[in-house]
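1. Fold the stuff below for me.
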Amino acid sequence: MSVKAARPRLWARNLFAGWWVLGAAVAVQVLPASFLMHSYSAYAVVMQLEFGWSITVFATAFAAQQVIFGLLGPFQGWLLLRVGSQQLIRVGLVIFALGLALLSQVRDLPLFYLALLITSCGGSLAGFLTLNAAVVNWFIRHRSLALAMIQIGVSVGGLIAPAIAWSLTTQGWRFTALASAVLALLVGLPLTILIRDRPEDLGLVPDGTPIAAKRPSTRRRHLRAPVEVEFDAREALRTRAFWFLSLGQMLSLTVVSAVLAHLVLYLSEEANFTLALAATMVMVITASTIAGQLASGFLGDSLSLSKRTIAALAMFGHAGALLMLATAAALPWVVAFAVVHGLSSGLRGPALEALRADYFGRRSFAQILGFASPLITIGAIAGPLIVGFFADSLGSFKPGFAAVAGLALLGSVFFMLAQPPVKRSRPSGLRSRRAAGCRGKRDHSK
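-> Numbers count the residues shown, from 1 in each chain. You can find the predicted model right below:
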């Protein structure tokens, strides 16, 4: 089959197919981000009013979702290598929709936990890890920008969440959950047509150059994809870079989850902000995160600043923002915190995922990220617990925020220690001796 015939007709001739893959992946990422991740707290509010369940019930369910994401990671990476991202996204969307439909029928606590379990599994299979793995294969020169767009999809989900909250209060949570299930299928499944695993399957190489073996030899050097060192999962686990990157990302999730879980409560109860003003600070963080993600994409693809440096500086930004929050509760300082924290989140995320792909290559990216997921999840669970422990023990959120700021500084150290890994190869002397031995045996046989 020719290269031209292999391309779906939906794709314009002059536009690299990777951009269509990226656009579809971003749109798919918005679905679990808006329908579950950013809307969970709104569901908790309306369901608490109806069922009278305690805050602990919803906090436990939230933590359970994080555990599912972490435990599913290694299996998800293995599954991606065998069935491909397109099929896995389709399966994930169907499971996600079934979970939301089941959520709309909840009458008791066991069914609530079961619905969230199913929804979380589906959202994970169709979401961040799978979409990142698909997009990484299509880009090398523009990898940071592409991964930044995936994370912008997560942030856009936060901007859509107010519409979900409006539906919860005006149409009811049962209708909203069921309508979200239908939309996830109607919007998500058609988009998967555009998602392909590898550009080589369409006669392309990353970043858009067509493979043309019959072209003049003087141009062949322009038709090859940049050479990357490829690690398999076992080789990556033996490197210091894998563990330093994973530990740094674990601490970054500690920061993000601590703020996500406790900021509104801190501002409204301890800092005496109105609930509306506290919610506005969340919007400021979201907008700043999107700006940071775009900046990270352009900076990471340039040679002016390394991705490792971007990630380390972002952790310094997190630390400074949390210290501002912990030492001053006046509105200007809180606004400054929201902007710096959001920019730091946006800068760090795409740079870190692109750095992992640069270090270990495209082939086993999903598996390597999957093996890092359990460790990363520890941070997502630990952040709210650390700040909550200090708040319960000392009667203030500020010591907890200060403690998490210290962990952010430690995270920057881990990122700076994550030097590029060196792929181990068989010593040339050993190869020479084995080759000489083989020649000797052949000579002796003669």
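
2. May I have the phi/psi pair for the most centrally placed residue in the chain?
-> Nearest to the geometric centre of the chain sits Phe128, at 4.6 Å (Cα atoms, centre = their mean). When read as degrees, to the nearest 10, the backbone of Phe128 gives phi -50, psi -50.

3. Spit out the contact partners of it.
-> 29, 150, 154 (Cβ atoms under 8 Å, 6 or more residues apart in numbering). C-beta here means a position set from N, CA and C on the backbone, and glycine is covered the same way.

4. measure it to Val26 for me?
-> 12 Å (Cβ to Cβ, to the nearest Å).

5. and if you look at Ala276?
-> 30 Å.

6. With neighbour numbers in mind, choose between these two.
-> Just comparing Ala276 and Val26: by other Cβ atoms under 10 Å the higher neighbour count belongs to Val26, 20 against 8.

7. what about the closest residue to Phe397 other than its chain neighbours, how many residues close to it?
-> In space, Phe397 comes closest to Tyr266 once its chain neighbours are excluded; the distance is 4.2 Å by Cβ to Cβ, 6 or more residues apart in numbering. Residues near Tyr266, counting by other Cβ under 10 Å, number 24.

8. For the remainder of this discussion, apply numbering that starts at 723.
-> Got it, first residue is 723 now, which makes that one Tyr988.

9. List the contacts of Tyr988.
-> Going by Cβ under 8 Å, 6+ apart, Tyr988 touches 1047, 1119, 1123.

10. which ones are touching the first one?
-> What that stands for is Leu1047. Applying Cβ under 8 Å, 6+ apart, the residues near Leu1047 are 988, 1055-1056, 1059, 1120, 1123.

11. Secondary structure element holding it?
-> Under the criterion of DSSP states H and E, Leu1047 resides in helix 1029-1049.

12. Quick check: buried residues in that helix?
-> Neighbour counts over helix 1029-1049 (16 or more other Cβ atoms under 10 Å) mark 1029-1030, 1032-1037, 1039-1048 as buried.

13. Against which helices or strands is the strand or helix carrying Val909 packed?
-> Using DSSP H and E, Val909 sits within helix 895-913. Using 3 or more Cβ pairs under 8 Å, 6 or more residues apart in numbering; DSSP states H and E, the elements in contact with helix 895-913 are helix 739-754, helix 762-773, helix 807-825, helix 865-892.

14. Which elements pack onto the third one?
-> Translated: helix 807-825. Using 3+ Cβ pairs under 8 Å, 6+ apart, helix 807-825 is in contact with helix 739-754, helix 777-805, helix 831-847, helix 850-858, helix 895-913.

15. nearest to Leu916, of the contacts of Phe850?
-> Comparing the contacts of Phe850 against Leu916 with Cβ to Cβ picks out Gln751 as the nearest, at 13.5 Å.

16. For that closest one, give me its contacts.
-> 849-850, 853, 872, 875-876, 879.

17. One more: Ala955?
-> So Ala955 contacts 799, 1086, 1089-1090, 1093 (Cβ under 8 Å, 6+ apart).

18. Skipping adjacent residues, who's closest to Ser1118 in space?
-> Glu992 (6.5 Å).

19. Ok, Leu987 next?
-> The shortest distance from Leu987 to any non-neighbouring residue, by Cβ to Cβ, 6+ apart, is to Phe1119 (7.6 Å).

20. and that neighbour, how many neighbours does it have?
-> 23.

21. thinking again about what came up before, assess the claim that the residue nearest to Ser1118 and Phe1119 are in contact.
-> Yes: contact between Glu992 and Phe1119 holds when scored by Cβ atoms under 8 Å: they sit 5.8 Å apart.

22. what's Leu926 sitting at in phi/psi?
-> Torsion angles, degrees, to the nearest 10, at Leu926: phi -120, psi 170.

23. Is it bridged to anything, and to what?
-> In this entry, Leu926 is beta-bridged to Pro932, by DSSP bridges.
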